[in-house]
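> Fold the following, please.
(2 chains)
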Number of protein chains: 2
Amino acid sequence: MGNRFSFDLKATDGRARTGTISMLRGDIQTPAFMPVGTAATVKAMKPESVRALGADIILGNTYHLMLRPGAERVAKLGGLHKFMNWDRPILTDSGGYQVMSLSDLNKLTEEGVEFRSHLDGSKHMLTPERSMEIQRLLGSDIVMAFDECPRADRPRDEIAASMELSMRWAKRSRDGFDCGGEHAARSALFGIQQGSLDQELRRISADKLIDIGFDGYAVGGLAVGEGQEAMFGVLDYAPEMLPTDHPRYLMGVGKPDDLVGAVERGIDMFDCVLPTRSGRNGQAFTWNGPVNLRNARFKEDTGPLDERCECPTCASYSRAYLHHLQKSGEILGAMLVTEHNLAFYQALMRAMRSAIASQQFAAFAADFRRDYLGSND
Amino acid sequence: MGNRFSFDLKATDGRARTGTISMLRGDIQTPAFMPVGTAATVKAMKPESVRALGADIILGNTYHLMLRPGAERVAKLGGLHKFMNWDRPILTDSGGYQVMSLSDLNKLTEEGVEFRSHLDGSKHMLTPERSMEIQRLLGSDIVMAFDECPRADRPRDEIAASMELSMRWAKRSRDGFDCGGEHAARSALFGIQQGSLDQELRRISADKLIDIGFDGYAVGGLAVGEGQEAMFGVLDYAPEMLPTDHPRYLMGVGKPDDLVGAVERGIDMFDCVLPTRSGRNGQAFTWNGPVNLRNARFKEDTGPLDERCECPTCASYSRAYLHHLQKSGEILGAMLVTEHNLAFYQALMRAMRSAIASQQFAAFAADFRRDYLGSND
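Residues are numbered from 1 along each chain as shown, chains lettered A, B, ... in the order given. The predicted structure follows:
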């Protein structure tokens, strides 16, 4: 039997870090991008293809899975890994963010959040304890603490009160997770820093989390509409408030240039629906920037989507064909562009890991921005 | 350089036949099922997966491809094979059937059919000569003669007049195809027997086609709502009106039990959207009959879709998971069930070929019907 959870930091370059998280279901090379498998599927992808592109870990959504097919049902069927045919690590979110943004009629109390399902209007209650139980029933490898994420434009006292509530919930999450028996001995728990754009609140939140003690620490409450500049502003100080010897996870981020800027500021893990959702809409990411395949200029373009890409889509299909599939609303269009986008994201992570290991991250980031953003940064 | 087109009949068992069609782009084992790739994609499938399941040939639709992306554009991009990444034989239909069933406002004359595109209302004309040209521009391996297919419930004089028109169009198709230069030297042309449910008209049609001379002969005008009994009634005499030493192709058929009954009556080739279309709707074909995966009884069914199936879907996923994907409207649900259905169809064809080769077709058909239809036939 291997490690429940360890983080081996192999190299740093400026604030950028590269390392390996070791868990019972496999290693995770960091900086890592986790494809999102909301409803027990990375949309339009077979799991073996997700793995083949380089993903060490994927994310599942507690909110969606608790409503359909239901956490107890997933447990009865042998857990999320078996259900969806993915045998490597899975990180599950706590449901806290989505219960506030997606559910109908939600009510927030000290105890938790009462809400109605967006699927059938049925009534549910999510608390730190129930969130831990659901993530245990799913068989999650990395469990996220249950938190609340206020909008960045709320008054400071609301942001502060919300952060304090999230920290009390973090403690209850820790206690709930630790009572999970066998599952607790085989998985990890991450805390989530809140405090929005306020440096002092971020400091208080970090200290409280460290006091509780977690396997990893997420920077929460960003990528909620504050913009890249404000996000980078927080990332200029927030990651360093968190322990050096544990992974730092920026939730729900982001665009390729967000990832580069966040790694530059000390982040180790990411998840985002962007490569998969964009893939279904014909929006492709390339080393020369984003490309909208629905654009008529691709009608007779025989070149590959991205000349620098080695993915199966770029090896076998032209932009003209991908354009045709998008215009025709064909499922294969979603499949091929999603696969390319995930390949691009994983290639970007590999390139960043390699650049950090060889102390070339600044040069890599400058080259990336020149090609991707067309900037001379 | 190999054969342009040859048909080697290896064994017969009653009226059932098994053999090999050899063409420049590859061999086709018969009886053969051709997955339908309407708009330059077998829906929800990568071409390499279609091939891996055993397909020797796929079908493309002239009507759809002439409208989008356009035959001239496909030719400019290097032909349909390169465009869609399929290097084995492709059969294209003539557009005759779909221009009457799918287009807006069509007008039939001796010359051909004038119609408006269902996509953008643009005006087009399809004639035998233009159909041959389009199929040549696409780079089709097996070109179908341009024909008209009347409804089976029309009066006999209409059916007869329509058949006579189709036979004049068959001659114009032959002439148009033969003027195709290099393409004609590398591909094959099939004629299409018409005459609906009338034995005498079928005989006249067959004689006229044989007089013109084709590489293969299709039984057209069936599977248009007449029912299995009436279809089998025609297949009791129609295939034997066509030359023994050329393949016989039953267009647009069908359900698994249709295929078994048609092979039993001397048919060598089939195409149908059923396995792919049903796959997207959660309707699966198994050796024990069709299964609707949306049915609530599969919610916690941990068994595979079909215990006798060796496809990737049945190897790795439960009925409960496939049910979940269908209920959630996930693309992966369409992908996995389509793959299973095409695997089932190809396995059925393999089993029929093997049964014919070993003179066991009657026993195979009886066993199949017992399990699939629950009948004691």
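> would you list every one of the helices in the stretch 51-200 of chain A?
A:62-67, A:71-76, A:80-84, A:96-101, A:128-138, A:156-178, A:182-186, A:199-212 (DSSP state H, counting those that start in this stretch).
> so which strand or helix has the one residue sitting closest to the centre of chain A?
Residue closest to the mean C-alpha point of chain A, counted by Cα atoms, centre = their mean, is A:Asp271 at 1.6 Å. In the assignment (DSSP states H and E), A:Asp271 maps to strand A:269-272.
> What helices and strands are in contact with that strand?
Judged by 3 or more Cβ pairs under 8 Å, 6 or more residues apart in numbering or on different chains; DSSP states H and E, strand A:269-272 is in contact with strand A:32-35, strand A:248-250. From N, CA and C alone the C-beta is placed, and that goes for glycine too.
> Give me the mean pLDDT for the longest one.
By that I understand strand A:32-35. The pLDDT scores in strand A:32-35 average 98.
> Could you check it against chain B for contacts?
No. Residues of strand A:32-35 are not located near chain B by Cβ under 8 Å from any Cβ of the partner chain, the shortest gap being 12.8 Å.
> Adjacent strands (with direction) for that strand?
Within its sheet, strand A:32-35 is paired with strand A:269-272 (parallel), according to DSSP bridges.
> so how far is the partner strand from its chain's centroid?
On the basis of Cα atoms, centre = their mean, to the nearest Å, strand A:269-272 sits 3 Å off its chain's mean C-alpha point.
> Ok, stretch A:154-164 next?
24 Å.
> quick one: contacts of it?
A:Glu148, A:Cys149, A:Pro150, A:Ala152, A:Gln194, A:Gly195, A:Ser196, A:Asp198, A:Leu201, A:Ile204, A:Ser205 (Cβ atoms under 8 Å, 6 or more residues apart in numbering or on different chains).
> Need the residues you listed in JSON lines (columns: pLDDT).
As requested, the contacts of stretch A:154-164 are exported to JSON lines (pLDDT from 0 to 100):
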{"residue": "A:Glu148", "pLDDT": "93"}
{"residue": "A:Cys149", "pLDDT": "89"}
{"residue": "A:Pro150", "pLDDT": "87"}
{"residue": "A:Ala152", "pLDDT": "86"}
{"residue": "A:Gln194", "pLDDT": "97"}
{"residue": "A:Gly195", "pLDDT": "97"}
{"residue": "A:Ser196", "pLDDT": "96"}
{"residue": "A:Asp198", "pLDDT": "97"}
{"residue": "A:Leu201", "pLDDT": "98"}
{"residue": "A:Ile204", "pLDDT": "98"}
{"residue": "A:Ser205", "pLDDT": "98"}
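> Phi first, then psi, for the closest residue in space to A:Phe344 that isn't next to it in sequence.
Spatially, and ignoring its direct neighbours in sequence, A:Phe344 is nearest to A:Phe285 (4.7 Å; Cβ to Cβ, 6 or more residues apart in numbering or on different chains). As for A:Phe285, its main-chain torsions (degrees, to the nearest 10) stand at phi -100, psi 130.
> Just give me the neighbour total for A:Phe285.
Neighbours of A:Phe285 under the rule other Cβ atoms under 10 Å in any protein chain shown: 26.
> Around chain B, which positions in the stretch 1-150 of chain A sit nearby?
Neighbours of chain B within the stretch 1-150 of chain A, by Cβ under 8 Å from any Cβ: A:39-41, A:43-46, A:68-69, A:73, A:76-78, A:83-85.
> Can you tell me the SS state at A:Ser22?
At A:Ser22 the chain is in strand, as set by DSSP: H, G, I helix; E, B strand; the rest coil.
> who's in contact with the residue nearest to A:Thr302 when sequence neighbours are not counted?
Nearest non-adjacent residue to A:Thr302, counting by Cβ to Cβ, 6+ apart: A:Ser318, 4.8 Å away. Contact partners of A:Ser318, counting by Cβ under 8 Å, 6+ apart, are A:Asp301, A:Thr302, A:Gly303, A:Pro304, B:Leu77, B:Phe83.
> A:Pro243 now?
Contacts for A:Pro243 (Cβ under 8 Å, 6+ apart) come out as A:Ile210, A:Tyr217.
> From chain B, how far out is it?
For A:Pro243, the distance to chain B equals 38 Å [Cβ to the nearest Cβ, to the nearest Å].
> quick revisit: which of the contacts of A:Ser318 sits closest to A:Asp175?
A:Pro304 (52.5 Å; Cβ to Cβ).
> you'd agree that closest one is in a helix?
No. Using three-state DSSP, the assignment for A:Pro304 is coil, not a helix.
> Quick one: low-confidence residue ranges for chain A.
Low-confidence segments of chain A, defined by pLDDT under 70, span residues A:1, A:375-377.
> In it, spot the helix with the most residues.
As assigned by DSSP state H, the longest helix anywhere in chain A is helix A:331-357.
> Compute the inter-axis angle for it and helix B:331-357.
Helix A:331-357 and helix B:331-357 meet at an angle of 120 degrees, taking axes from the mean of the first three to the mean of the last three Cα atoms, to 10 degrees as the criterion.
> Taking the stretch 151-300 of chain A, what residue is nearest to chain B?
Taking Cβ to the nearest Cβ as the measure, the stretch 151-300 of chain A has A:Glu300 as its residue closest to chain B, at 6.3 Å.
> surely that residue meets B:Val74?
No. Between A:Glu300 and B:Val74 there is no contact under Cβ atoms under 8 Å: 10.3 Å.
> With neighbour numbers in mind, choose between these two.
B:Val74 (26 against 14).
> re earlier: how about the longest helix of chain A: buried residues?
Within helix A:331-357, the residues that qualify as buried are A:331-349, A:352-353, A:355-356, counting by 16 or more other Cβ atoms under 10 Å in any protein chain shown.
> what's the answer for stretch A:195-215, then?
Neighbour-count burial for stretch A:195-215 flags A:195-198, A:201-202, A:204-206, A:208-210, A:212, A:214-215 (criterion: 16+ other Cβ under 10 Å).
> how about that stretch as CSV, C-alpha atoms only?
Extracted C-alpha coordinates of stretch A:195-215, given in CSV (Å, rounded to 0.1, in the frame of the first residue of the first chain):
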residue,chain,number,x,y,z
GLY,A,195,-11.8,36.7,1.5
SER,A,196,-12.5,37.8,-2.0
LEU,A,197,-10.2,40.7,-3.1
ASP,A,198,-9.3,41.7,0.5
GLN,A,199,-5.7,40.9,1.5
GLU,A,200,-6.4,41.1,5.3
LEU,A,201,-9.4,38.7,5.0
ARG,A,202,-7.3,36.3,2.9
ARG,A,203,-4.7,36.3,5.6
ILE,A,204,-7.2,35.6,8.4
SER,A,205,-8.8,32.8,6.3
ALA,A,206,-5.4,31.3,5.5
ASP,A,207,-4.4,31.3,9.2
LYS,A,208,-7.6,29.7,10.2
LEU,A,209,-7.3,26.9,7.6
ILE,A,210,-3.7,26.3,8.6
ASP,A,211,-4.8,26.1,12.2
ILE,A,212,-7.3,23.4,11.3
GLY,A,213,-4.8,21.6,9.0
PHE,A,214,-5.5,20.2,5.5
ASP,A,215,-3.7,18.1,2.9
